[in-house]
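>>> Predicted structure and sequence below. I'll ask about it afterward.
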Amino acid sequence: MKKELEQLRDDFLGALESAGDSLGLEELRVEYLGRKGKLANVMKKLPDLAEDMRKEAGQFGNEIKKVLETAFLEAQHTVNQFEERTRRDAEWIDITMPGIAPLMGSLHLVTQAIDEISTILHQLGFVRSRTPEVDWDWYAFESLNMPKDHAARDEWETFFIQDPKADKVLEGKKGKVVLTPHTSNSQVRELEKGQLPIRMFNINKCYRRQSDVSHVPMFHQFEGLLIDKNVTITELKGVFDFFVKNFFGAERKVRLRPHHFRFTEPSFELDISCDICGGSGKLESGACRLCKEGWLELGGAGMVHPNVIKAGGLDPEVYSGFAFGWGVERTLMMRSGMNIADMRIIYRNDLRFLKQF
Ligand code: PHE
């Protein structure tokens, strides 16, 4: 039995060395020192011994037990200390390290452009007015001198609103319901208010069934409308010139090019000089690829058609004026140094792109 106890002690001391962590230690304690552990098992044999040997064996057993317990407590102490230190190391914070800056939000570049455009137009005395994004056909087309089924409407690639109760487009007294394909629906809505003279602008979302490098299905336009007595094209040119010099820079030039819209007469397309080739249309390497002979197309404009003025309830013999409408995204892309090759990136929510503005 003495041998057995000595073997047990040596096994235990050996096992303690490789116990690892406090969980391993606890398992060892149960295995050797527990109520049904190895030591108790050996000691169970005590009553079977001859009486003269029993006392000595009992004492030896107790000594061994003490040795084991002391060795266990020591090992436990060491492991505890080690575990405590590891935990503290893991929690330790270097307060001299630079911090992690919180992500800062900023206005989307289109919102920034809308703010800038508004500021410039405010300086000219234009007041921002709001019109619905979901509007009647009457305001989007018909009152703008585009009768039902007129071919000119095709240009606007319009989305219609479905009647949720029937398998057709929602329709009312003022025609079908559309997602506004341009901001020109604000023209007749403003005329109807009858507060003259009118100097308003409207910036809104517009929708068209188009998506490619220079079109997104949801975009923004801004529309200007000036109605008074004796308004002339010269004033339109003046507004255009002021806007371009303020938004794009003093060196940019403007021109009006004849065009056709049903709701203006005469109609123009507004061009601005290209900043890549400086308006010459030529680069050292050949023709400028961005523009057409030195000019970039910015938007449409014209003198408001008499039929539109009539549709708004005013007398075209007395009142006249001009309107213009441009895409915000397009205007933004034409700014020097913007270098946006694909309009769709503006709405892809890619922070690598958005953070640059
Ligand atoms: N609404 C026209 C378009 O979307 C632009 C325009 C506005 C033209 C006002 C003339 C006058 O293309």
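Perfect, I can see it now.
>>> what's the single longest helix in the protein?
The longest helix of the chain (DSSP state H) is helix 51-91.
>>> where does the chain come near the ligand, residue by residue?
When proximity is defined as Cβ under 6 Å from any ligand atom, the chain approaches the ligand at His182, Ser184, Glu223, Phe261, Thr264, Gly300, Ala301, Gly302, Ala323, Phe324, Gly325. Placement of C-beta: from N, CA and C, glycine included.
>>> and with 5 Å instead?
His182, Ser184, Phe261, Thr264, Gly300, Gly302, Ala323, Gly325 (Cβ under 5 Å from any ligand atom).
>>> Now rank those residues by neighbours and give me the top one.
Ser184 (30 neighbours; other Cβ atoms under 10 Å).
>>> Spell out, range by range, the strands that occur in the stretch 51-200 of the chain.
For the stretch 51-200 of the chain, applying DSSP state E, counting those that start in this stretch gives strands covering 127-128, 134-136, 159-160, 171-172, 175-179, 198-207.
>>> just so I know, which of those lies nearest Asn62?
Closest to Asn62 of these is strand 198-207 (Cβ to Cβ; 90.3 Å).
>>> now the helix or strand just after the closest one: how far from the chain's centre is it?
Next along the chain after strand 198-207, taking DSSP states H and E as the criterion, comes strand 218-228. The chain centroid and the centroid of strand 218-228 are separated by 26 Å under Cα atoms, centre = their mean, to the nearest Å.
>>> hmm, who's touching stretch 235-245?
Identification of contacts with stretch 235-245 by Cβ atoms under 8 Å, 6 or more residues apart in numbering yields 117, 120-121, 123-124, 224, 226, 252, 254, 256, 268, 270, 272, 298, 301, 303, 322, 324.
>>> Which of those residues fall in helices?
Ile117, Ile120, Leu121, Gln123.
>>> if I pick the last one, what's in contact with it?
Going back to what we said before, that points to Gln123. By Cβ under 8 Å, 6+ apart, the contact list for Gln123 reads Phe242, Asn246.
>>> for the third one, same thing?
Under the criterion of Cβ under 8 Å, 6+ apart, the contact partners of Leu121 comprise Arg128, Phe201, Phe222, Gly224, Phe243.
>>> Among those residues, the buried ones, what's the PyMOL command?
Buried residues among these (16 or more other Cβ atoms under 10 Å), as a PyMOL selection:
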select buried, resi 201+222+224+243
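>>> which among the contacts of Leu121 gets closest to the ligand?
Gly224 (7.8 Å; Cβ to the nearest ligand atom).
>>> Would you check that that closest one makes contact with Glu190?
No: judged on Cβ atoms under 8 Å, Gly224 makes no contact with Glu190 at a distance of 10.7 Å.
>>> between the two, what contacts are shared?
With Cβ under 8 Å, 6+ apart, Gly224 and Glu190 have common neighbours Met200.
>>> how close does Asp190 sit to the ligand?
Small correction: residue 190 is Glu, not Asp. To the ligand, Glu190 is 12 Å away according to Cβ to the nearest ligand atom, to the nearest Å.
>>> Measure how buried that residue is and give me the count.
Neighbourhood size, Glu190 [other Cβ under 10 Å]: 22.
>>> Who are the contact partners of it?
Ser129, Thr131, Ile198, Met200, Asn202, Leu225, Gly312.
>>> Same question for Ile161.
For Ile161, the contacting residues are Val134, Val169, Leu170, Lys176, Val177, Val178, Leu179, by Cβ under 8 Å, 6+ apart.
>>> which ones are touching Asp137?
Taking Cβ under 8 Å, 6+ apart, one finds Lys148, Lys174, Gly175, Lys176, Val177, Val178 in contact with Asp137.
>>> Make TSV from these and add pLDDT, neighbour count and distance to Val110 to it.
TSV is the format used below for the contacts of Asp137 (pLDDT from 0 to 100; neighbours: other Cβ atoms under 10 Å; distance: Cβ to Cβ, whole Å):
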residue	pLDDT	neighbour count	distance to Val110
Lys148	92	10	33
Lys174	96	14	30
Gly175	96	18	30
Lys176	96	20	28
Val177	97	20	25
Val178	97	24	22
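>>> which two of those lie the greatest distance from each other?
The widest separation within the contacts of Asp137, taken as Cβ to Cβ, falls between Lys148 and Val177 and amounts to 14.4 Å.
>>> thinking again about what came up before, what about the strands of the stretch 51-200 of the chain, which gets the closest to Asp89?
Between the strands of the stretch 51-200 of the chain, strand 198-207 lies closest to Asp89; by Cβ to Cβ that is 55.6 Å.
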